[in-house]
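Student: could you work out the structure for the sequence below:
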Amino acid sequence: MLEQYNNQTGNKHKGLRAIGKFFIGFLRVMPSILAAIGIFLIVAIVSLAILFLPYFSTFKTVYLDVYAAAENLKLAQNYLENADFDKAEQPLTEASDRFSHARKELNPLLDSYYKNINYIHQQLLGIDDLLEIGEQISDSLIEVSNLGITFIDILQTEDISFQNISVQQKHEILGALKSAGPQLDSIRDKLEIAMLQLKEFNDRPIFPLIEAAASPISDELPKYEPLFRDIAVYGKILPDIMGYDRQQNYLFLLQNNDELRPGGGFIGTYGIIKVKDADFVSFFTDNIYNIDYPARPYLQIPTPKQFKDYMKQDYWFMRDANWWYDYPTSAKKVESFYHLENGPERQIDGIVAIDQTFIESLLDITGPIEVDGITFTQGNFTEKLQFEVEKGFAEEGIPEAERKAIIGDLSKEILNRLFSLPRNEWTKLLNSVEQNFEEKHLMFYLKQTDLQKQISDLGWSAEVYMGGDDYLAVVDANLAALKTDSTMNRSYDYYVEEKEDGLYAKVKLYYENTGQFTWKTTRYRTYNRIYVPLGSELISYRFDNELVDLENIDNFEELGKQTFGHFFIVEPKESKTAEIVYKLPEIVENQLRGNQYNLIIQKQPGLDVAGLSVEMKFIKPFRGQSSNLDRKGDSVRWKGDMVKDMEFRVEF
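Tutor: Numbers count the residues shown, from 1 in each chain. As a prediction, the model looks like this:
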């Protein structure tokens, strides 16, 4: 279940970060590692042959096979380092054949008299494990070298930039990637088999010489197996996302995370991005009010009651449609309003959302950018942009309907800079993109079901975790508090304790408003929702150290979770706390009967929390915990910043 969550959130995937260096690194590193395995195996086989005199000829054949495989791998490595892929194929094939033949020769020993002598039999099985690993990785190298020719040739050109790659080249690359799906799946499957064999090998009581043979692959293979898993996904989705053979139209959202909403921030700007063969056909942006206001005479959909209660707003429009922290849910609702408000683009293939934090990370790569005489940097972007669209436009005589035109001009200039990056800067850009996906400052939703599933597997979807584990998400909706989230400090404590009659949880929230009354900041007004496992029983709610009547706490099911909602205000220069106590449902208690407890804490899109502490205390003695937990007495704890979704595990 946790593995499914890791795939969903992207906590384990590093494919995007390494994709620029991936093929080259794998092709250069793996042959030398397999050759090293071969050398250790040769020594081990010679040593063990003395114990197996009746099978001396078998060991001699295995020895010769492994020696030949190692020599072929050394030869292949020389070819691969010089990008001579055609010549590398023959020695790689020979190495694979030799590993396979050695396994066949070893097989009679596995079923011989020595099968009854466990320690000796384990040594033979260990050698067989390593031979199969060698065969699987050799086969993978053959497929990777064949597959990577087109991509590596482009990446190895030092002076290339994305802008310099022709439309035809981009089309050919996307086509090759799309047709490579079966190959990528095959490579992934081979490496998964190799990983399973490595696990079996590591579980055996192995003779030191044989154990030494596995140490190089034990260090390196776990780095590459998840990369291949993700690249297999990239091969399936990137051609479609980037408009291979058919233009893709994306609804674009710029969310202001200084004015936090559940889906990431107030939607101040929307747009349409059109992509064909990895080229931007067009990129249009506009003020959200320019589509919302014309719809007021005819669109009268009631808002969620919180807008009516705390903002005196009766009707719902696109700018307020990201009401859920589950991004797919918010994205669907935003698109529905786009069409209801007569958005001109009828065909929408997906919805992409970004916030100021993401743009700041791009400016860190591009450097300062000047638009309309204003210089934007990573450090001043948010402050300057908010001033220009809220105050500066009037001073410059710009009509209110056009006050956000500067956002479109800035976006185009950023794209131009990014497309002009030299190849040696691509890795930095990929690092930034991956980090923003993980931290939910960049989110994707695709309407094609199979592609959305792949997006989810990569952790790009910012969706709610739906497993049966213990769970927590804290979500704020800034309701008429201007850009006050820019001056709010937050921290959360989560405490869970096992008692005789079940599991009890306590969430404590700390809010500090460091701002003052200005054109930009004011008192903080938030509708706060706490999402916990469905069926949790609310026991008490304290705000500012005073008990709140539970009749005044919204208690309902939403997004498959039990949800406790409460509106509160934090005045400038003041701090407030909320403390929520509840009993966890039986589905979570059942984990303890299975000798394991899992906790998932998901962050709100657009929000980085400066402080999170977790403490767990159980009656049952525990025998282990995830590496991010520290054991202190009869409890386990964690403390740090929450910039991405977190997972914790305790075993009993």
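
Student: which parts of the longest helix along the chain are buried?
Tutor: In the chain, with assignment by DSSP state H, the single longest helix is helix 118-155. Buried residues in helix 118-155, counted by 16 or more other Cβ atoms under 10 Å: 120-145, 147-148, 151-152, 155. In this view, the C-beta of every residue, glycine as well, is placed from N, C-alpha and C.

Student: go on, stretch 88-99?
Tutor: For stretch 88-99, by 16+ other Cβ under 10 Å, it's 88-89, 91-99.

Student: can you pull the contacts of residue 543?
Tutor: In this structure, residue 543 makes contact with 566, 568, 576-579, judged by Cβ atoms under 8 Å, 6 or more residues apart in numbering.

Student: in the sheet, who's paired with it?
Tutor: residue 546, residue 578 (DSSP bridges).

Student: what's the spacing between it and residue 564?
Tutor: As judged by Cβ to Cβ, to the nearest Å, residue 543 and residue 564 stand 12 Å apart.

Student: ok, residue 283 next?
Tutor: Residue 283 is 41 Å from residue 564, where distance means Cβ to Cβ.

Student: the two: who's more crowded?
Tutor: A count of neighbours by other Cβ atoms under 10 Å puts residue 564 above the other of residue 283 and residue 564, at 22 against 16.

Student: what about residue 163, neighbour count?
Tutor: If you count neighbours by other Cβ under 10 Å, residue 163 ends up with 12.

Student: how far away is the spatially closest residue to it that is not a sequence neighbour from residue 280?
Tutor: Once flanking residues are discounted, residue 163 sits nearest to residue 419: 4.2 Å by Cβ to Cβ, 6 or more residues apart in numbering. To residue 280, residue 419 is 9 Å away according to Cβ to Cβ.

Student: what's the answer for residue 87, then?
Tutor: Relative to residue 280, residue 87 is positioned 39 Å away (Cβ to Cβ).

Student: rewinding a little: give me the neighbour count for the residue nearest to residue 163.
Tutor: Neighbourhood size, residue 419 [other Cβ under 10 Å]: 14.

Student: ok, residue 615 next?
Tutor: When neighbours are counted by other Cβ under 10 Å, residue 615 comes out with 17.

Student: thinking again about what came up before, got the phi and psi for the residue nearest to residue 163?
Tutor: The phi/psi pair for residue 419 (degrees, to the nearest 10) reads phi -70, psi -20.

Student: contacting residues for it?
Tutor: Contacts of residue 419 (Cβ under 8 Å, 6+ apart): 161-163.

Student: let me know the pLDDT of the residue nearest to residue 623 when sequence neighbours are not counted.
Tutor: Nearest non-adjacent residue to residue 623, counting by Cβ to Cβ, 6+ apart: residue 651, 5.6 Å away. On pLDDT, residue 651 comes in at 90.

Student: hmm, residue 651 is touching residue 594, no?
Tutor: No: judged on Cβ atoms under 8 Å, residue 651 makes no contact with residue 594 at a distance of 10.0 Å.

Student: looking at those two, which is more packed in?
Tutor: Neighbours were counted for residue 651 and for residue 594 using other Cβ under 10 Å; residue 651 has more, 13 against 9.

Student: what's the mean pLDDT across stretch 182-190?
Tutor: Mean per-residue pLDDT for stretch 182-190: 79.

Student: could I get the contacting residues of residue 299?
Tutor: 315, 317, 340-341.

Student: among these, which one has the most neighbours?
Tutor: Neighbour max across the contacts of residue 299 (other Cβ under 10 Å) = residue 317, 21 neighbours.

Student: find the nearest non-adjacent residue to it, please.
Tutor: In space, and not counting its chain neighbours, residue 317 is closest to residue 292: 4.2 Å by Cβ to Cβ, 6+ apart.

Student: how close does that neighbour get to residue 419?
Tutor: Note on residue 292: its distance to residue 419, by Cβ to Cβ, is 32 Å.

Student: same check on residue 514?
Tutor: Distance from residue 514 to residue 419, by Cβ to Cβ: 39 Å.

Student: outline the domain layout of the protein.
Tutor: The record assigns the chain these domain ranges, following automatic domain parsing: 2-241, 248-458, 470-651.
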